[in-house]
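Colleague: Prediction below, plus the sequence it came from.
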Amino acid sequence: MYESEKRAVLDCALTMEHYRLVSLSGGNVSMRLPDGTFLVTPTAVRYDSMRPDDIVRVDAQGKVVEGCLRPSSDTSALLFVFKHMPTVNAVIHTHQPYATAAGLVTDVLPAFLTLMIDATQQAVHVAPFTISSDEGMGALAVEYARGALCVILKHHGVMAFGKDLDQALEAAVYLEDAARIYLLARAVGPVPLLDEKQIAEQAEDRGNYGQKK
Ligand SMILES: [Zn+2]
């Protein structure tokens, strides 16, 4: 079942690797299905050798309902996010280096660039360290998301959320671009910020971005 959705999850994982947000089998991709189950990438399988049938389907308790492999070790954290963020249908977890590095030197990555406001919608907060592969990682991600489509997990990586896989992927990729620019600027001086009005104006949908569907 869900062949096209499994293909989409794998394509998203390969794109995540293409943009160097993860290496080998790091991170994970997951999505909510209409029947209340979830697709999750398997644990410790390299994306470049993964097949669509390797994507695991689990129920809301994390029990495997379809697939031969074990799901991501972060599955309990991912299910916590889906449960507590009902508008989120896709979660991408990465170990992207620039955003993770920024999370070591600041508690919040401000909404200081147009591309970041467009992709993450808000400043991106840094959740304190917690062990991975535990529901607590999901609880901190929900607590520190604070309206943004990304949260940085200190000493770990990033979780990006979306109404679909594309939105979560764009949030993660553009956050990485923004974090690289932030670190470059901070290396030579203080980073000027945008005020609330400027951020709100940039965040407004002006209807001229994107192809008509
Ligand atoms: Zn991780």
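Modeller: Cool, got the structure.
Colleague: Please identify the helix or strand for the residue most central in space within the chain.
Modeller: Relative to the mean C-alpha position of the chain, the nearest C-alpha, by CA atoms, centre = their mean, is the one of Ala160, at 1.9 Å. Taking DSSP states H and E as the definition, one finds Ala160 inside strand 157-162.
Colleague: what are the ranges of the strands in this structure?
Modeller: If you assign secondary structure with DSSP state E, the strands in the chain sit at 28-32, 38-40, 56-58, 64-66, 90-94, 108-109, 124-127, 150-153, 157-162.
Colleague: so what strands line up beside the longest one?
Modeller: Paired with strand 157-162 in the same sheet, following DSSP bridges, are strand 90-94 (antiparallel), strand 150-153 (antiparallel).
Colleague: Arg32 - how many residues pack around it?
Modeller: Per other CB atoms under 10 Å, the neighbour tally for Arg32 reads 22. Every residue, glycine included, has its C-beta placed from N, CA and C.
Colleague: how about the nearest residue to it once chain neighbours are set aside, phi and psi?
Modeller: Using CB to CB, 6 or more residues apart in numbering and skipping the chain neighbours, the partner closest in space to Arg32 is Asn89 (4.4 Å). Torsion angles at Asn89 (phi, psi; degrees, to the nearest 10) stand at phi -110, psi -10.
Colleague: any idea how far Glu143 is from Asn89?
Modeller: Shown here: Asn89 relative to Glu143, a distance of 20 Å by CB to CB, to the nearest Å.
Colleague: between the longest helix along the chain and strand 28-32, what angle do the directions make?
Modeller: Under DSSP state H, the helix in the chain containing the largest number of residues is helix 165-188. Angle, helix 165-188 to strand 28-32, by axes from the mean of the first three to the mean of the last three CA atoms, to 10 degrees: 140 degrees.
Colleague: And helix 165-188, what does it pack against?
Modeller: For helix 165-188, the elements it packs on are helix 3-18, strand 90-94, helix 97-105, strand 108-109, helix 114-120, strand 150-153, strand 157-162, judged by 3 or more CB pairs under 8 Å, 6 or more residues apart in numbering; DSSP states H and E.
Colleague: Serialize these to TSV and add fields for distance to Leu175 and mean pLDDT.
Modeller: Supplementary listing: the helices and strands packed on helix 165-188 in TSV, determined by distance: least, CB to CB, whole Å; pLDDT from 0 to 100:
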stretch	distance to Leu175	mean pLDDT
helix 3-18	12	98
strand 90-94	9	98
helix 97-105	5	98
strand 108-109	8	97
helix 114-120	6	93
strand 150-153	5	98
strand 157-162	7	98
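Colleague: Could you list the low-pLDDT ranges of this protein?
Modeller: Applying pLDDT under 70 to the chain flags the ranges 213.
Colleague: mind redoing it with 90?
Modeller: Counting by pLDDT under 90, the ranges of the chain that qualify are 121, 133-134, 203-213.
Colleague: Now do the contacts for the residue nearest to Val91 when sequence neighbours are not counted.
Modeller: Nearest in space to Val91, with sequence neighbours left out and distances taken as CB to CB, 6+ apart, is Ser30 at 5.0 Å. Taking CB atoms under 8 Å, 6 or more residues apart in numbering as the definition of contact, the neighbours of Ser30 are Val9, Phe38, Leu39, Val40, Thr41, Ser72, Thr75, Leu78, Phe82, Ala90, Val91, Ile92.
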